[in-house]
Each structure stands twice: as structure tokens, then as C-alpha cells.
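Engineer: no FASTA, just this:
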């Protein structure tokens, strides 16, 4: 007896009928067009599910604009952080049964948005997240709705070429190659001037991955057979924690991130590096990479990159520079010499969401030699074919968004001049803030701004003007933790907090307040407002902490 | 002589003056407000740089809407892929000197957008990228401009709680825990029901990372000391290539992804798994994980998850299920039994940009036991403090966008009913397409649709109705490669292409065309159009390939 498809009334060969109908044994026919079955509840004119894909609701656009305008005028004090309350507000583990209409979802968004962190407030100077140029919103809508996947040419076409162009521009900013070099390498098949990543962490991890595979391959058990007892990377104590994550991930142990001493300017100590290299040889530990930091998270300090490059070359070790923060300094003729030597790095991490002023999720690893990426080349029959020139052959991630378009937008709309101007203004503001801090006995400047980061701390009234011993520093630590929390809770202004020893106080860990001058809209009066908030809050915090003294 | 800041005219203490002015030795004063120095060229009313941050250009919004409307009506034939031409179009390695105005950038976008891949065309049935509900565009604008970083509570506040709620909903979809379980775990401190990732690859890598660290820690050299000669993972030959990348990255070698035989239904063979386990014991290879595939990339097939769970438990090995494609099948009461056993997995990968219908960049790894993530916990003094309950303590990535908001939007606006309806309609369409293919001698159905994926191939006229030997299959392989390329070049319709042996033809690798029925707007007529394109193109491709025969 012939079988027929219940849907399209085609005849089905017996061998397939079983498989096709196995799941649908008890099936009654159901419509292929979902419109027939689901109507959207709560709408006067019900919107069908397929309409939901085709027709944007104009009310949503206007409402999002209103939400954003309101958000950008407010600060965290509008919906202060209360852990219990936030937990209760979002504690529904059940998937909604029926979809709600746009109106109802807008009401939900109005509850959510004020609780977000107001990172772009002009009085918030502690986050490393860039305020975004206004054009970014529309660019986001375009990029997301195009939904391109530059992992392979087939699913992004021209935008995969755009990604290569963007990477070439950044490569040139760092490595200053010739026209001829870029002409030949930008769209070459078995080459990449860099890879896009979801952020700085994956960029740093990719650098270690390339270094390891290039040096010893992907199987550490072979390294043991060569007589090595472990593998390490060497850098300053101020290396980003993504390197620990990377060494953990790569199976070489987070403990084998050797965090070496820094000098009084928070730069990696060269004698410490030479000593570590000797020790590794003695212990039969393979040195996989030397890391230079170009803009440390805590101080914005830059390691002696040119000297590190020389040592790495002498030792035949991969030299990686983490310029996630500092890289865009190269836009400034005034400041670019800070990064002298970066052009000798085998790999360089950049991070779009910091000084490149694009949204989160846009990291990059640049490679001096375009063929280095072949060390991690991978392919799959259904996706990235070996014979292709898909960028996905070289990336740690697979399918990923075409975030290069954000960079293209920012490069074209701001230009080198725009970046230079903004960066130099930010660096000037940091110097201004340092001077204001230094002039006020209620504060102690803990690191002078190299770029647009600086660290300082507040001094409680009873210790102002005193010589600070260990016990005093412990009090000041408690004071600054409490003060930073009080300021965060109030929500009008914000700096972040870290903990580090500082040369002039020996080994004692000190709580530091950390300011990041990144927002172009910050003015001197905003800096004064923030410091005034701290002075004011400091009085009540000190009264609470030190009443017995 | 006292020193004064050139900017704010504050007095500077001598010890800082050197550091602050070192870089600016030759500096003349420059303004802190960049408005004073840069005017935007090409605009009648010049827009200052800070205005660029504050004021969206209304012309851009309208233009992006127009660009998207036109894009969604077109297909790749509008700007056919020509490698040389695409290379030439984007070959400028120089950063623009001055920024251009919005108008000029819109002209650039008009050149770029038609060259993107028209993934959401109703005649494109080969991509695994979801067409997006129209509300996603505005949600993107909101999400990107909020620019929240859920790595830490401090830089996302309420949205980090939203992320936990979204993960709880997905955890419940997979693991069906009790109200009580979710009430206690959703916002618990040293726990996570899962982690957000940038995609399925990082989710699979994270699963292997958790499994390895939980079993043997982060330093493989220690595994050697325990007498192991290597480490492997076991799964079917249809495992995604991200597992190779993961084993490479983790230092255990891509070659140690053991790809085992599958049965006639493309499911992992249990006898093959048992044999591999014995072999690993004999060779002193540590088995780190057994992988179950729930929706293979090529066929949509599902491994026998319940049986794999039993074996993994018996062997005390981590059991991971890659449900990047198939996971949302759980929304359908009709089909959810396909995934029986998934609730026993230690970890499960989901991928938002596939059947969850959100943009690229939204992967998830769910963890059955919320404390498993402690195996990779990490902290940093300036960011994610040990005492915090920041989600960033557990994620492979660091700073990342708050993409959970896309999932929240889709869950709330579509609801379980919406997902169920769309999924069941898609699965029905795949069965319809299979029947159409099976009824036509110009095609051969190569795998019946389990979900909404199916594979088939085109048979050239001279081989239709013939018994197909090895030589014939080789001709058919050539024919299908040429046909798929011709169809892609024409640009009116698209299916993707893979290469696999199939049981009924022995070991011979066969070129397969792969259809993915994911777009809710596809109707039966679109499927018929696509097949008609292939029949038409097949005639000319066959004429070109087989003229001598």
C-alpha cells in the first residue's frame, strides 16, 4: 500500500516512510504556516507569529529611544542596588507559557532598564567601558539584523572582507607595514593579519594558544617526552588575570603564570625577568611567552617593550603585548612613544570596547607575521573547508557576529583626528585630576597618570598630614573600602577599587581607588563633583569607623 | 619654585610634577573639551566630537530602516560574489585621517550591505542562522547602547540578575528541577546554573574545561605524574569540530578526540563506545568526557543519550551533551522525547542564534550541578573579587555584552507556545521537503529529517534510476559540488554542502546537500522553487561535466 505525506500529499518511498513518520506516529495534520494556530494574546488586531518576524512594531522604536534618553540622564541612585530586592525582582525560573505583546514587554523593560549600571554617567570614572558615540545605536540595529557570520565567507560574503580591511588598518597602526605588504597580505588565503575575538580575554588566550602550538604543538604530553617538567609564561605582577585563565585553560597551570616584580613606575623589572629566565632553564621549564603590558589595568603603566622584545628575540620566545587598554595611544603623536617597541611584538591584543569606543564584544589579536595563525588552523566538512579562505579556520570562536562593522563605523566617522583629539583630551583630564588630588590633604595620589588611569586614596581626617605607618595604612584600607561602597550605594558618582602594594609603602597591600578618564563628556567640574562627594561621604564613613579614637 | 598644572592651575607637589609632566615636557596647553579643536568636516552645521556622543543623527535611523527593508527583499544575486571585485572594494589599509559625516558613511553602507549574505531569504535553506523576529532590531539598539558588562555585578547590576533568571529558565527546560531548587540556586553565591558564552564553540570548550579541571586540575604535567599517557574524549564521528579545537586548546591534542562509528541512523554506536573505553584503559589514557550529540550538524541526528548517561555514570566520566542545534526541541511536547536522557547530562550546550531565534553571539553552557563551576573559579583584585557573586568568576570570557536580554525578549514575546509552534511547523516542513525529494528521480534523499535538517543530493540525468556504484558516486560527487557552487553563484536560492560516508554506500565519502528548515516564512512553494532551481541548474551543470559520456 503506498504511503502519502500528510502534509504535501506526495507519495513516500516505503524505506523513508518509517523514518519520516516514526516520530509522527500519532500525528494529526498540523499547518505548516504557524499563522493558523497562534494568535498573539492581548492585541486588538492579533499579530501572527510570522508577522512577528516581518513587521517591526513602530511603538517599540519610540519607546526604546525614550528609555535610552531617560537612562542617559539618570544615575544608579534612580534604582539603588539592593541585593534582596534585585533577587526578588527577577526570580522566575518558569518559561512564559504564552508570549506577551510589545506593550507588556515595554512595561517589563521600564522595570529593568533603571536597574542597569549607568556606565556612561559623567560622574562615573571607574569603569573601563567606553561611552558610545550616538551613531552606534543605529549601527547596532543594522549589524544585528543583518546577522552575518564572518566565520565563513559563505555566511557573510563582503563583510568578511570588511573584517580583513579593519584588521589591516589596526595592524598598520601597530606595525607600520608598507603599502606593498598590506596589498599582498590583506586578503591572502593562508594568512591573517589578526583575528577578531569576543574580547580581550579571548585575544590573550589566543596569543598563548598560538605561542604554544607554534613552539610545541597541541599535546602537552609530547612536551613531557622532550624532558620538560612544565611550561610557564613570564610577565609583570600587573598582568591581566586573563593570562591565569589562559594558562589554566591551556593545561599548563595558572600557577605557571610567573608574575615578576615591577619598578617604582609599575613597569616589569628587567633584572627580575633575566633571573626568571635562568631559573626556568635550571628547572627544565619551557618558557612559552614573555608578556609586555601596554596600559596596566591598575595604573595604565607600560612595560619596557623594546627591551622585552630584545630579550624575547635572544631567547627565541614568543613576545606578546597586551595593549587592550593602551593600544589606541598610537593614534596620538604626542603619546605614541609610550608604546615604543610594540611593533616588535609577535602578537598584540586590542580591545574595542575600551579606547576604540565600540560596544562590548569586540576584541582583536593582531599577528606580526600573517602566517602565524596556521599554527591553529582547523577545518570541518560542513563549514570551513581547508581550501577556503574562511577566517574561521584560525579563530578560537566559531560562529560569531560581524562586529568589525562597529570598528569600521568608528574609524570612518571619527577618523584618526577624532581618536587623537579624544585621547589627548582624556589624558589631559587625568593629569588635571591628579593635580586636584595632589593639592588636597584629604587625598593621596598613589600613581601619576601615564595614560588616562590614575590611582589614589582618601585619607580620613585624623590621619591627614601624618606620617603613615603600617597600622595607619590598615585603617586607611578599611576607610577606602567603606567609602567606595558608600559612594557606589549612593549612586551619584563612582570610581573603582583595587588592591596592590606600592613601592613607597613596602609589601603592604593597599586599597586603591582607581579613576578612568574615558568619557569625552567629563569636564573639570565633574571631577571636582566626584572628589567633593568623596570628601563629604568620607566624613560620615570616618565618623562611623573611627568613633573610638 | 612651586609648580602649577597648566590645565587646572592647581599646585603640584614636586614629587608628582616630574611624572605628570614627563610626557608633556614640550606641551603647550590644550583644551580639555575637544569641541574647541575639531569640527566635523562636510557638515553645514559642524558637529563637535562631544555632540557625536550625545546626539543621534535622525537621518541615520531612517536610512538604516531603508537599508534593512531593501536587504530583506533582496538576495545574493543583487551583488554576486566575485572574489577579485570584493577584494578590490575593501583594500584600504590606511586609517581615515579625518572622520566623514553621517551622509558619507551612509553612502559607504549602501555599498557594503548588498554584498552581505542574505541569510534570511526564504529561498535560503542551508544556513543554521536564525531569521530574527523584527523586535530584535530595537532590542539590539537598547542592549548595545546600555553597554552593560555582566561579568561583574558592579558593571551591570540588575542585568546580571536577569542573566541568572534566563539561565534558570533554560536549566529548567532541560533538567526540570523543582521550584525549591531554583529558588535556592538561581541567585546563590558560589553557584551557577550555567554560563553565558559568545557561542556554541566556547560553550563546548567550557564543558571540556570544567570536565578536565574537575577530574584532574589545570596542569597536565600532573596527569603524567599519575601515570597517564594522554587524555581523550569519546563521541560519535559527527561531533562538532569545536571539540577538536577544545582538545587542542586544552593541551590534550585534537587527535585525542575519538570519533567513533555511528549506526544506520547516524547515532553513536554503543558497542564502539564500550570498545573504546576498554582500549583507553589498556593504553593508560584518561577519558575526560563522553559526548552526546543532540542534533548533529549534518543530519540532525540524536545520540542515545540515556544509554550514554548510564555508561558515563558507570565509568565515573563527565557526560556532556551538545544540544546547540537540538536543545529547543524540548519546547515541543510532540518531539521532546527525541532528547530523552539529556536531563542526566553534567553539562549541556545551547546556542541562541539557532532555534532560540536570537542574534549571533549568544551561547550557553548549562550545568546540572550548580557548584561544578567552582572547578574553574578565578578572581582579580580590580575586577571580580573572591567574595563577590560576580558571574565572571566562572566564565571563559571576561568582559562581555549582556546578551541575556535578547533571550529574555524572545522568551517573553514568543513564549513556550510560540517556540513550540514555530519548531513543530519547521519540523513538518522538513518532512514535506523530504517527501518532495523522495518523489523526484532527480534527487536522492540521504537522511530522513529527525528534526528540521535533512541531507540529499542531486542525481545527474544519465544516472537517474540506475544502480549507483563507486564510479557513479564519484560522478555524483563532482556534480553536486558544481551544482551547489552554481546555485550559490546565481544567488537566488541556497543549500549548504557537506561530505560524509553513508551506511548504504560503505566507506565512500559522499557529497551531500544539506537543508535547514528554520525560517518561519518558508512555505511549500519556496521549497518547490529551490528544488526547481536545482533541477534547472543541474541540466546545464551536467551538460558541462558529462559531455563526453
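Structural biologist: Structure's in. What do you need? A quick note: this is a predicted structure, and the numbers were derived from the prediction, not measured. Numbering: from 1, shown residues only, chains lettered A, B, ... in the order given.
Engineer: contacts, neighbours, all on C-alpha from now
Structural biologist: Fine.
Engineer: where exactly do the helices run in the stretch 51-200 of chain A?
Structural biologist: Ranges of helices within the stretch 51-200 of chain A are A:58-73, A:83-89, A:102-112, A:135-146, A:158-175, A:179-185, A:200-216, based on DSSP state H, counting those that start in this stretch.
Engineer: check contacts around the residue nearest to residue A:197 when sequence neighbours are not counted.
Structural biologist: Nearest residue to residue A:197 in three dimensions, chain neighbours excluded: residue A:363, at 4.7 Å (CA to CA, 6 or more residues apart in numbering or on different chains). Contact analysis of residue A:363 by CA atoms under 8 Å, 6 or more residues apart in numbering or on different chains lists A:196-200, A:202-203, A:349-353.
Engineer: Switch these over to TSV; also include distance to residue A:373, neighbour count and pLDDT.
Structural biologist: Formatted as TSV, the contacts of residue A:363 follow (distance: CA to CA, whole Å; neighbours: other CA atoms under 10 Å in any protein chain shown; pLDDT from 0 to 100):
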residue	distance to residue A:373	neighbour count	pLDDT
A:196	12	33	97
A:197	14	28	97
A:198	17	28	96
A:199	18	26	96
A:200	17	31	97
A:202	15	28	97
A:203	13	32	98
A:349	14	31	98
A:350	17	28	98
A:351	19	30	97
A:352	21	28	97
A:353	24	26	96
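Engineer: Isn't residue A:350 up against residue A:198?
Structural biologist: No. With contacts counted by CA atoms under 8 Å, residue A:350 stays clear of residue A:198, the gap being 11.1 Å.
Engineer: got any residues that touch both of these two?
Structural biologist: With contacts taken as CA under 8 Å, 6+ apart, residue A:350 and residue A:198 have A:363-364 as neighbours in common.
Engineer: can you redo the helices of the stretch 51-200 of chain A as CSV with distance to residue B:408?
Structural biologist: Shown next, in CSV, are these (distance: least, CA to CA, whole Å):
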stretch, distance to residue B:408
helix A:58-73, 16
helix A:83-89, 14
helix A:102-112, 10
helix A:135-146, 16
helix A:158-175, 28
helix A:179-185, 42
helix A:200-216, 26
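Engineer: Pipe those into a markdown table and attach distance to chain B per row.
Structural biologist: Listed next are the helices of the stretch 51-200 of chain A as a markdown table, based on distance: least, CA to the nearest CA, whole Å:
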| stretch | distance to chain B |
| --- | --- |
| helix A:58-73 | 6 |
| helix A:83-89 | 6 |
| helix A:102-112 | 7 |
| helix A:135-146 | 5 |
| helix A:158-175 | 5 |
| helix A:179-185 | 6 |
| helix A:200-216 | 6 |
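Engineer: closest one to residue B:100 among those?
Structural biologist: Among the helices of the stretch 51-200 of chain A, the nearest to residue B:100 by CA to CA is helix A:135-146 (12.5 Å).
Engineer: Just the residues contacting the closest one, thanks.
Structural biologist: A:358-359, A:401-403, A:405-406, A:409, B:52-53, B:56-57, B:60-61, B:64, B:68, B:116, B:118, B:132, B:136-138, B:140-142, B:144-145, B:359-360.
Engineer: For stretch A:212-220, buried residues please.
Structural biologist: A:212-215, A:217-220 (16 or more other CA atoms under 10 Å in any protein chain shown).
Engineer: how far out from the middle of the chain is that stretch?
Structural biologist: Centroid displacement of stretch A:212-220 relative to its chain, using CA atoms, centre = their mean, to the nearest Å, is 26 Å.
Engineer: Could you tell me the end-to-end distance of that stretch?
Structural biologist: For stretch A:212-220, the first and last residues are 9 Å from each other (CA to CA, to the nearest Å).
Engineer: next one: stretch A:93-106
Structural biologist: With CA to CA as the measure, stretch A:93-106 spans 20 Å from end to end.
Engineer: Who are the contact partners of the residue nearest the centre of chain A?
Structural biologist: With distances taken as CA atoms, centre = their mean, the residue of chain A nearest its centroid is residue A:199 (4.3 Å). Residues near residue A:199 by CA under 8 Å, 6+ apart: A:351-352, A:360-364, B:397-400.
Engineer: Which of the residues you listed sits closest to residue A:175?
Structural biologist: Checking those against residue A:175 by CA to CA gives residue A:364 as the nearest, at 14.5 Å.
Engineer: Quick check: that closest one is in a strand.
Structural biologist: Yes. Using DSSP: H, G, I helix; E, B strand; the rest coil, the secondary structure at residue A:364 is a strand.
Engineer: separation between the closest residue to it other than its chain neighbours and residue A:355?
Structural biologist: Spatially, and ignoring its direct neighbours in sequence, residue A:364 is nearest to residue A:196 (4.6 Å; CA to CA, 6+ apart). In this view, residue A:196 and residue A:355 are 16 Å apart by CA to CA.
Engineer: All the strands of chain A, in order from the start?
Structural biologist: For chain A, the strands defined by DSSP state E occupy A:3-4, A:11-12, A:194-197, A:230-236, A:257-260, A:285-293, A:318-322, A:347-351, A:363-367, A:443-447, A:453-458, A:496-501, A:509-516.
Engineer: wait, what's in contact with whichever residue of the stretch 101-250 of chain A sits closest to chain B?
Structural biologist: In the stretch 101-250 of chain A, the residue that lies nearest chain B is residue A:133 (3.9 Å; CA to the nearest CA). Contact analysis of residue A:133 by CA under 8 Å, 6+ apart lists A:357, B:52-54.
Engineer: if you set the cut-off to 7 Å instead, what comes out?
Structural biologist: Residues in contact with residue A:133 (CA atoms under 7 Å, 6 or more residues apart in numbering or on different chains) are B:52-54.
Engineer: ditto for residue A:229
Structural biologist: Per CA under 7 Å, 6+ apart, neighbours of residue A:229: A:284-285, B:221.
Engineer: Equivalent analysis for residue A:241, please.
Structural biologist: By CA under 7 Å, 6+ apart, the contact list for residue A:241 reads residue B:380.
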